[in-house]
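Chemist: Below is the sequence, then the predicted model.
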Amino acid sequence: MRALAARHPIWSTIIALVLLILLYLVFAIWPEWLTDAIGRKKVFLNALFNGITLGGLYFLVASGFTLIFGLMRNVNLAHGSLYLMGGYIGFFVADATGLWLLAFPVAFIVVGFMGVLLQILVFRRMEGQDLRQTLVTIGISIVLADLMLWGVGGDFYNINPPSWLSGPMETGLVTSQRVRSSGEVVTAYLKYPLVRIVILAASVVIGLAMWLVLNRTRIGMLIRAGVDDRDMLSATGARTHLVFVGVFFFGAGLAGLAGVVGATFQSAAPGEDIRFLLASLVVVIVGGMGSIPGAALGALLIGLAEQFGSVYFPTYAVVLTFLIMVLVLAFRPQGLMGQS
């Protein structure tokens, strides 16, 4: 932190000021003038929590995408279809068995093997051919979307969480205070869905585990070495194709896992594949290609921009997301945490 402040004193000051203002807005009891200016505190806090949890969902999708696209330089524009496939698989598994938790490993494994097929049948034959990969995976995504529409229809599918995760939990954050005629002070606290908080915590754990694997283990060393110089890694006797198949399995499996989360948060329906593919692209561009912390930061920024935009600037909500991307490309083309 000291090194960052020394290198970028102006930006560090701006970030610290923004964090202080945010802490005040979250924990302080709002005066009337502030409520008149930006609305009720409950609306603000709901937008904040929704943005953070949506950022967790975007991170799950984009982290698999950044492994395949950002780290391995394979353009997989069928990633959104893998997300939607995971949502459908999770719904039918949870509906058939009544076990919400079982939907996660099943979707992860099935969609992960779909990623392995893509790596063997498509990307291995087109290494270094970005344009061909782009066109072929766009075609695959269209075919998969039509097959899923034919197989499950155009309905919205929502996965119900188990009873022990249903309902809201009290966060302890004060949304308002009022004084009754008797002089008693009545305090209202924010309540938020427990399932969203649990899934956000799981996203944080997955992100930390991915960073540790890529930066602190032999497997992560092999992945990074294979990306930088595949021929030299092969000369050491490492099975590079097996390493890359494993990366594709994990990256695609994360997309399937995120599909189950998305179907629990919102729903699985036609069109969600395109939405989350675009979100993944924006997150990777904003955060930096191949950076797990960058994907987390980009996902958080995009999630917050979408939710605050929909609450306070509904007409320009979509514009805010792309405005962030344009500003990052203009001032830091490699992404906020990408390497130049």
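Modeler: Sure, I can see it. Just so you know, these numbers come straight off a predicted model, no measurement behind them.
Chemist: which one in this protein is furthest away from the centre?
Modeler: In terms of distance from the mean C-alpha position of the chain, Ser182 ranks first, at 48.4 Å (CA atoms, centre = their mean).
Chemist: Checking that residue next. Helix, strand or coil?
Modeler: coil (DSSP: H, G, I helix; E, B strand; the rest coil).
Chemist: any idea how far it is from Asn74?
Modeler: For Ser182, the distance to Asn74 equals 67 Å [CB to CB, to the nearest Å]. The C-beta positions use only the backbone N, C-alpha and C, and glycine is treated the same way.
Chemist: Same question for Ala28.
Modeler: Ala28 sits 48 Å away from Asn74, going by CB to CB.
Chemist: the more surrounded of those two?
Modeler: Per other CB atoms under 10 Å, whichever of Ala28 and Asn74 has more neighbours is Asn74, with 24 against 11.
Chemist: State the distance from the more buried one to Tyr157.
Modeler: For Asn74, the distance to Tyr157 - CB to CB - is 29 Å.
Chemist: Wait, Gly56 touches Ile197, no?
Modeler: No: applying CB atoms under 8 Å as the test, Gly56 and Ile197 come out as separate, 9.7 Å apart.
Chemist: Find residues that contact each of these two.
Modeler: The contact sets of Gly56 and Ile197 do not overlap (CB atoms under 8 Å, 6 or more residues apart in numbering).
Chemist: between these two, who's got more neighbours?
Modeler: Neighbour comparison, Gly56 and Ile197: the larger count goes to Gly56, with 26 against 18 (by other CB under 10 Å).
Chemist: does the more buried one sit in a helix, a strand or a coil?
Modeler: Looking at Gly56 with three-state DSSP, the answer is helix.
Chemist: Pull the number of nearby residues for the residue lying closest to it once chain neighbours are set aside.
Modeler: Excluding the flanking residues, the one nearest Gly56 by CB to CB, 6 or more residues apart in numbering is Ser203, at 3.7 Å. A count of neighbours around Ser203, defined by other CB under 10 Å, yields 24.
Chemist: Point out the other helices and strands that the helix or strand harbouring Ser203 packs with.
Modeler: Using DSSP states H and E, Ser203 sits in helix 194-216. Secondary-structure packing of helix 194-216 (3 or more CB pairs under 8 Å, 6 or more residues apart in numbering; DSSP states H and E): helix 41-65, strand 168-179, helix 218-228, helix 240-265, helix 292-312.
Chemist: Comparing these, which yields the minimum mean pLDDT?
Modeler: When these are compared by mean pLDDT, helix 218-228 comes last with a mean of 74.
Chemist: export that helix as CSV, just CAs?
Modeler: In CSV, the C-alpha atoms belonging to helix 218-228 read as follows (Å, rounded to 0.1, in the frame of the first residue of the first chain):
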residue,chain,number,x,y,z
ARG,A,218,3.6,-26.2,-9.2
ILE,A,219,0.5,-26.5,-11.3
GLY,A,220,0.2,-22.8,-11.5
MET,A,221,3.8,-22.5,-12.5
LEU,A,222,3.3,-25.1,-15.3
ILE,A,223,0.3,-23.1,-16.6
ARG,A,224,2.1,-19.8,-16.6
ALA,A,225,5.2,-21.3,-18.1
GLY,A,226,3.2,-23.1,-20.8
VAL,A,227,1.6,-19.8,-21.8
ASP,A,228,4.9,-17.9,-22.0
